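In: For reference, the sequence and a predicted model appear below.
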Amino acid sequence: MIINTNPGAAVAARILGESSSALQKSLSRLSSGSKIASPSDDAAGTGVAMKFGAQINRIQAAKDNVGNAISFSQTQDGFLDKIGGALDRMSELAMLAQDETKTDSDRALYHKEYDKLDDFITAIKDKDFNGVSLFSGGSMTVTVASDGTAFSAGAVALSKVGASTDVRSSGVATSASAAAAVTVLRTAISSIANDRAVVGANMARLESESSSLSVLKDNMSAARSRIADVDVAQESANFARQQILVQSGTAMLAQANVLPQSALRLIG
């Protein structure tokens, strides 16, 4: 029997310390929901999870950009639809003005509506979306991937409608001008039809990009989760195990500390 050194207590204390440390780590994982409580738990996993997290955020930002571009295109299409309706009515007025049973006074009444519809179209040409011109004629570059890949959307200029074209200068004040207006309006309607096709193609591409980004984000999130997120069921079992080890270690350390006292019986 020895008194100065208690190997049993030393071993019990060491094991208890290890169990307590493991219990604290398990508690940290369960409370945070993260499998990596400290970078030392999984150094490589920490780095990979961090890169995945940054990429997921970039994917979401790209998805937001695409969503705004879709809204931009939807706004364009809405205005183009209204312009198409106005041109349709203007072409109808041009045909009515060619009726030989109408006088120039009657045609002047048609021309008033014709002129106001042209003002409406001209005003639309200057519309913008959050300060960005809808019909400037410049192509819109949209970032559609986390690596900066961009898509150049088709441009819409409205170059063949509005006050600066023959649509207004023709008018329907006379039968001859109304006949000329029909030809001009047919060209303008064809231009608007083409512009709507361009915008529709832009929207189809952007919606496909948005869907693709959603799928990519889901997959990247799942990959990051497998690295960084804790399995609660598994960790709960480990937590219970470490609790038992701490409790039993504490009890055994108390017993080890009592053992040297038996030497007193030999002395006494």
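Out: Looks like it came in fine. Since the structure is predicted, the reported quantities are computational estimates derived from the model, not experimental observations.
In: how about low-confidence regions in this structure?
Out: Counting by pLDDT under 70, the chain shows low-confidence ranges at 1-2, 159-170, 264, 268.
In: Walk me through the domains of it.
Out: As assigned by automatic domain parsing, the chain contains the domains 7-33+231-267, 43-228.
In: now residue 172, what's its secondary structure?
Out: Secondary structure state of residue 172, per DSSP: H, G, I helix; E, B strand; the rest coil, is coil.
In: Please read the previous query as pertaining to residue 142.
Out: strand.
In: Past the strand or helix carrying residue 49, which element shows up next along the chain?
Out: When elements are assigned from DSSP states H and E, residue 49 belongs to helix 43-96. Toward the C-terminal end, the helix or strand that comes next after helix 43-96 (DSSP H and E) is helix 104-124.
In: returning to what we had before: which secondary structure elements does the helix holding residue 49 sit against?
Out: If you count contacts as 3 or more Cβ pairs under 8 Å, 6 or more residues apart in numbering; DSSP states H and E, helix 43-96 packs onto helix 104-124, strand 128-129, strand 140-143, helix 166-170, helix 175-228. Every residue, glycine included, has its C-beta placed from N, CA and C.
In: in its sheet, what does the shortest one sit against?
Out: Strand pairing for strand 128-129, determined by DSSP bridges: strand 132-133 (antiparallel).
In: contacting residues around the strand it pairs with?
Out: 72, 126, 127 (Cβ atoms under 8 Å, 6 or more residues apart in numbering).
In: tell me the phi and psi of the second one?
Out: The phi and psi torsions at residue 126 (degrees, to the nearest 10) take the values phi -100, psi 10.
In: change the start of the numbering to 484 and stick with it
Out: Happy to do that; since the first residue is 484 now, the last one works out to residue 609.
In: Please list all residues in contact with it.
Out: residue 616.
In: Also the last one?
Out: With contacts defined as Cβ under 8 Å, 6+ apart, the neighbours of residue 610 are 558, 562, 616, 617, 618.
In: could you flag which of those are buried?
Out: 558, 562, 617, 618 (16 or more other Cβ atoms under 10 Å).
In: you'd agree the third one is up against residue 562?
Out: Yes: using Cβ atoms under 8 Å as the test, residue 617 is close enough to residue 562 to be in contact (6.5 Å).
In: quick revisit: redo the contacts of strand 615-616 as TSV? Include distance to residue 737.
Out: Below are these laid out as TSV (distance: Cβ to Cβ, whole Å):
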residue	distance to residue 737
555	73
609	86
610	82
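In: picking up where we left off before, as CSV, the helices and strands packed on helix 526-579 with mean neighbour count and distance to residue 523 would be great.
Out: Conversion of the helices and strands packed on helix 526-579 to CSV gives the following (neighbours: other Cβ atoms under 10 Å; distance: least, Cβ to Cβ, whole Å):
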stretch, mean neighbour count, distance to residue 523
helix 587-607, 17, 63
strand 611-612, 14, 50
strand 623-626, 18, 37
helix 649-653, 19, 73
helix 658-711, 17, 15
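In: Ok, which of these comes nearest residue 500?
Out: Closest approach to residue 500 among the helices and strands packed on helix 526-579 (Cβ to Cβ): helix 658-711, 27.5 Å.
In: Tell me the buried residues in the next helix or strand after the closest one?
Out: Per DSSP H and E, the first helix or strand lying C-terminal to helix 658-711 is helix 715-741. Within helix 715-741, the residues scored as buried using 16+ other Cβ under 10 Å are 718, 721, 722, 725, 728, 729, 732, 735, 736, 739.
In: Quick one: list the elements packing against helix 715-741.
Out: Using 3+ Cβ pairs under 8 Å, 6+ apart, helix 715-741 sits against helix 490-515.
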